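**Student:** This is the structure alone, sequence omitted:
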């Protein structure tokens, strides 16, 4: 990892994996679409991994999903990734853009503050006043820059944009053209090969600003589900935690038993049932893999800097309320039920669960007293 990479909190995928991307750029195992920096097979290897080449899997949810996403981006339609929060939609879109275009940073973050200029172009008003409308006075949007370079552009949380802003994408994606009437009725900028759009949207945000039927037709929709296999999820959490803690060399990472407990708690509460089929109350809070990584990170920092020891079940328990208790009071009662019934029983059979159970009781008691 370069000094530049270490100097920022979250470098782009093309920076973190520069060596892998450079090696895969010479992969000639199949045809390469016009405008792509790597073959579709190389893109697949970069994302799902290739042990023979020493490339670890970066997205372990569904290999077939990755294949469908790659195929979508070779066509004329865009790719829309939908799913529950924390299912790595943004990660997948970043990896796809980095592998295909060599650049993942052409991004628009959807919000109520996004206006049409953010999808088309704006103006440098000092130059506009001094010289009048000219190509040099234009300020291209990430979409326009991607069109001109033949790159992928990412639109995160598209349904958080107002309908009139979303509608701008309809003509952009159909015609692959932006007209600039200020520079003349026939002045237009057309996309180069390699341009396409990856959008993301959370299923929980459905109804904020739902997409029109016309815009939906411009995308192939793919649903990103939570990781089905507990072993895969545990391996992903361990790898991402190791990456986060690289800047804390004095830390000792959680052992396998602690990670097992952490992943099991989240999967129990996420699915609303135990491995043996017993039903439990599922909170409305997001119990995603991303939240597991966040909690594991917090627990490791707690153990390292406050306790001066290794991560135990108690560190997990102390951080859990911050994930489950968002703004739904009922979730506190659901967690209390899980601790009293499930964790209490497992505490009789496991030291890690016993530590988790006692610390969770104390944490919940403090919260209930505060209420």
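**Tutor:** Done, it's in. Just so it is clear, the model here is predicted, and its values are computed rather than measured.
**Student:** Which of the three states applies to the nearest residue to residue 323 once chain neighbours are set aside?
**Tutor:** Nearest residue to residue 323, sequence neighbours excluded (CB to CB, 6 or more residues apart in numbering): residue 291, at 5.2 Å. (Glycine included, C-beta is placed from N, CA and C.) Classification of residue 291 by DSSP: H, G, I helix; E, B strand; the rest coil places it in helix.
**Student:** what's residue 291 in contact with, if anything?
**Tutor:** Residue 291 is in contact with 86, 266, 323, counting by CB atoms under 8 Å, 6 or more residues apart in numbering.
**Student:** try residue 21
**Tutor:** Counting by CB under 8 Å, 6+ apart, residue 21 has contacts 14, 38, 46, 98, 99, 102.
**Student:** Please determine how far the second one is located from residue 64.
**Tutor:** Separation of residue 38 from residue 64 (CB to CB, to the nearest Å): 20 Å.
**Student:** Kindly report the same for the fourth one.
**Tutor:** To residue 64, residue 98 is 21 Å away according to CB to CB.
**Student:** Between the two, point out the one with more neighbours.
**Tutor:** residue 98 (28 against 9; other CB atoms under 10 Å).
**Student:** and that one, backbone torsions?
**Tutor:** For residue 98, the backbone dihedrals (degrees, to the nearest 10) come out as phi -60, psi -40.
**Student:** ok, now which ones touch residue 323?
**Tutor:** Neighbours of residue 323 in contact, by CB under 8 Å, 6+ apart: 285, 287, 291, 294, 295.
**Student:** Helix or strand next in line after the helix or strand hosting it, which one?
**Tutor:** Using DSSP states H and E, residue 323 maps to helix 313-324. Helices and strands here follow DSSP H and E; after helix 313-324, the next one along the chain is helix 329-338.
**Student:** tell me the average confidence for that next one?
**Tutor:** For helix 329-338, mean pLDDT is 91.
**Student:** Could I get the buried residue list for the helix or strand just after that helix?
**Tutor:** Using DSSP H and E, the helix or strand that follows helix 329-338 in sequence is helix 344-347. The neighbour-count check on helix 344-347 (16 or more other CB atoms under 10 Å) flags 344, 346, 347 as buried.
**Student:** can you list contacts of helix 344-347?
**Tutor:** With CB under 8 Å, 6+ apart, helix 344-347 has contacts from 353, 354, 356, 357, 358.
**Student:** Over to stretch 128-138?
**Tutor:** Under CB under 8 Å, 6+ apart, the answer for stretch 128-138 is 121, 122, 123, 124, 127, 180, 182, 183.
**Student:** Only whichever of those are buried, select them in ChimeraX.
**Tutor:** Here is the ChimeraX command that selects only those of the contacts of stretch 128-138 that count as buried (16+ other CB under 10 Å):
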select :121,122,180,183
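**Student:** Mind putting the contacts of residue 291 into CSV with pLDDT and distance to residue 315?
**Tutor:** Formatted as CSV, those follow (pLDDT from 0 to 100; distance: CB to CB, whole Å):
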residue, pLDDT, distance to residue 315
86, 86, 21
266, 97, 15
323, 90, 13
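**Student:** where along the chain do the strands fall?
**Tutor:** 78-83, 107-109, 121-123, 138-140, 152-156, 177-179, 188-190, 196-202, 219-223 (DSSP state E).
**Student:** can those go into a markdown table with extra columns for distance to residue 8 and mean pLDDT?
**Tutor:** Shown next, in a markdown table, are the strands of the chain (distance: least, CB to CB, whole Å; pLDDT from 0 to 100):
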| stretch | distance to residue 8 | mean pLDDT |
| --- | --- | --- |
| strand 78-83 | 25 | 96 |
| strand 107-109 | 16 | 96 |
| strand 121-123 | 27 | 94 |
| strand 138-140 | 24 | 95 |
| strand 152-156 | 19 | 97 |
| strand 177-179 | 31 | 94 |
| strand 188-190 | 32 | 95 |
| strand 196-202 | 23 | 95 |
| strand 219-223 | 30 | 96 |
